[in-house]
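**Student:** quick one: sequence and predicted model below, then my questions.
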Amino acid sequence: MKKNLLLKPALPLLALILFLFCACNEPVFYTISQEVAPIEPKIRGGPTNFTVWNNSLYVASGNKLHWYKEGVWGGAGIRQPGGKIIMLASTDNYLYALCLRKHDSPGSVVVRRIGVGEALWTELTNVPGHNVMQSIYAPDPSAAEPVLFIGAGNNPPYTILSLNENTSGMEILVSDSGELSGAAWNGTDFYLSTKSNYVYGVPKTFFDDPSVGSINVFTGDVTRGFAGIINLPGNKIIAIDRGGNVYGIGAGGIDDNRIATLDGLASGALAIWEDPITREKILLAGRIGSLLYSAYSGYTYGYQELELDEFSADGIKDGASFREPGRLSPSSVSDGGNERYKSSIGKNPVNHIFQTPESVDPIRFDTNGARVIGGMRLFASTQKNGIWSYRVRDGTPQWNAED
């Protein structure tokens, strides 16, 4: 009896504690209720970047190349370049693949390409100066001067090579450079970012006649090196450094006045997302909240958004700052989808992000023509969990592994 008398007064106190705990943690329970059940990815591992070629989207993982078009993945019968595929690039004429011949053969990285209507991949030979290639970029597939840029060297000093398809010659473009991290084209000039604090400006005229054009070397107040570079609407170029700081790039060099700063370090993933209906555009930038991936820091990965305005001086909307998806419009995820974002792609380091153009993935409406149900799909290559996409699943728009 004594034991029961002690318990009865404690019951109201216990109820009060439980009430206060639940009230204080209501947001936690709401977040848990919005968590997305993971799906097994169709394309596993740590996939490459995405590129569009011959009216299809291409991506690779391991030694397998995949293509996507109009909501359907293909792969049966596709010609493979051979070896582990590290990176892809494309021009109107060719699809390029940076490949490792054998996993246990250092220095055996090669560039192979296949042309429209060709049955076989061919390997680029006579690589000047280096046989160790690390990256490939073709910043504008339809540029009047189709050029492939190649980052070479496995330690400093690095070298940037160029392949001009109009002359078919590969040459050393920049010796003793930083490690190439990206390339962009603004209609008149190419801009090459490096993992040091250098950006190189290469006018189109240089490829027409090297004796007339000249390569400009720009340096800025960047301590972590550049992680990526991209062309914004209106042909404005911006680059992001490893610390998440965004800088404008132009003929005058690197603008040391930071346009915006990411909440975290930058993974280097950059993409333009366009609303299929309103046509508003935002910049997507992959972030790394911690260099160590864990259950405790997983919510600080994913990407953030920055609103654009092609009529502004730098291409960024005045007063805009980086924010998480789903918090404000316009956004790459639906209104109120921030919690679902955080519990899904927000847990994953994003190496590459890309929205499929309408020419490859046309917008599809429901039977009443009132709601978009597909098209212009947004994809992400995660560090270790395969290809993810944002689309409607089980009646709910969500980020999940592409299945």
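**Tutor:** All right, it came through fine. Numbers count the residues shown, from 1 in each chain.
**Student:** rest of the way, CA atoms for contacts and neighbours
**Tutor:** Noted.
**Student:** for Ala269, list the residues it contacts.
**Tutor:** With contact taken as Cα atoms under 8 Å, 6 or more residues apart in numbering, Ala269 is in contact with 228, 284-286, 350-353.
**Student:** make a markdown table out of the residues you listed and add neighbour count and distance to Ser56.
**Tutor:** Shown next, in a markdown table, are those (neighbours: other Cα atoms under 10 Å; distance: Cα to Cα, whole Å):
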| residue | neighbour count | distance to Ser56 |
| --- | --- | --- |
| Gly228 | 26 | 24 |
| Leu284 | 25 | 22 |
| Ala285 | 26 | 24 |
| Gly286 | 28 | 24 |
| Val350 | 29 | 22 |
| Asn351 | 25 | 21 |
| His352 | 22 | 17 |
| Ile353 | 27 | 16 |
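**Student:** kindly reformat the residues you listed as CSV containing distance to Ser332.
**Tutor:** Output for the contacts of Ala269, formatted as CSV (distance: Cα to Cα, whole Å):
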residue, distance to Ser332
Gly228, 20
Leu284, 9
Ala285, 12
Gly286, 13
Val350, 15
Asn351, 17
His352, 15
Ile353, 12
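**Student:** can you tell me which two in those residues are farthest apart?
**Tutor:** Based on Cα to Cα, the longest span within the contacts of Ala269 runs between Gly228 and Val350 and measures 13.4 Å.
**Student:** helix, strand or coil for Thr205?
**Tutor:** Using DSSP: H, G, I helix; E, B strand; the rest coil, the structure places Thr205 in helix.
**Student:** surely it touches Val212?
**Tutor:** Yes - the pair Thr205 and Val212 qualifies as a contact (Cα atoms under 8 Å) at a distance of 6.9 Å.
**Student:** those two: which is more packed in?
**Tutor:** Counted by other Cα atoms under 10 Å, Thr205 and Val212 do not tie: Thr205 has more neighbours, with 15 against 9.
**Student:** check what pLDDT the nearest residue to that one once chain neighbours are set aside gets.
**Tutor:** Nearest residue to Thr205 in three dimensions, chain neighbours excluded: Gly213, at 5.1 Å (Cα to Cα, 6 or more residues apart in numbering). Gly213 is assigned a predicted lDDT (pLDDT) of 71.
**Student:** what's near enough to touch Gly213?
**Tutor:** Gly213 neighbours (Cα under 8 Å, 6+ apart): 203-207.
**Student:** tell me the one among these nearest to Asp314.
**Tutor:** Out of the contacts of Gly213, the member with the shortest distance to Asp314 (by Cα to Cα) is Pro203, at 19.9 Å.
**Student:** leaving out chain neighbours, which residue sits closest to that closest one?
**Tutor:** Leaving out its chain neighbours, the residue that sits closest to Pro203 by Cα to Cα, 6+ apart is Asp189, at 4.2 Å.
**Student:** wait, isn't Ala227 in contact with Leu265?
**Tutor:** No - here Ala227 does not reach Leu265: they are 9.6 Å apart, not a contact under Cα under 8 Å.
**Student:** which strands and helices sit next to the helix or strand hosting Tyr341?
**Tutor:** Using DSSP states H and E, Tyr341 sits in helix 338-342. Here helix 338-342 touches strand 396-401, going by 3 or more Cα pairs under 8 Å, 6 or more residues apart in numbering; DSSP states H and E.
**Student:** OK, contacts around the nearest residue to Lys42 once chain neighbours are set aside?
**Tutor:** Distances taken as Cα to Cα, 6+ apart place Asp403 nearest to Lys42, at 4.7 Å, with adjacent residues excluded. Asp403 is in contact with 39-43, counting by Cα under 8 Å, 6+ apart.
**Student:** roughly how far does Asp403 sit from Tyr303?
**Tutor:** From Asp403 across to Tyr303, the span is 21 Å (Cα to Cα, to the nearest Å).
**Student:** can you check Gly74 too?
**Tutor:** Between Gly74 and Tyr303 the distance is 27 Å, computed by Cα to Cα.
**Student:** please apply the same query to Pro397.
**Tutor:** 17 Å.
**Student:** please apply the same query to Gly243.
**Tutor:** 14 Å.
**Student:** in the sheet, who's paired with Arg112?
**Tutor:** Ala97, Glu123 (DSSP bridges).
**Student:** wait, doesn't it sit right on Thr125?
**Tutor:** No - using Cα under 8 Å, Arg112 is not in contact with Thr125, being 9.3 Å away.
**Student:** just the strands in the stretch 251-400 of the chain please.
**Tutor:** With strands called from DSSP state E, counting those that start in this stretch, the stretch 251-400 of the chain shows them at 253-254, 260-261, 265-274, 281-288, 303-307, 350-355, 364-365, 372-374, 378-382, 387-393, 396-401.
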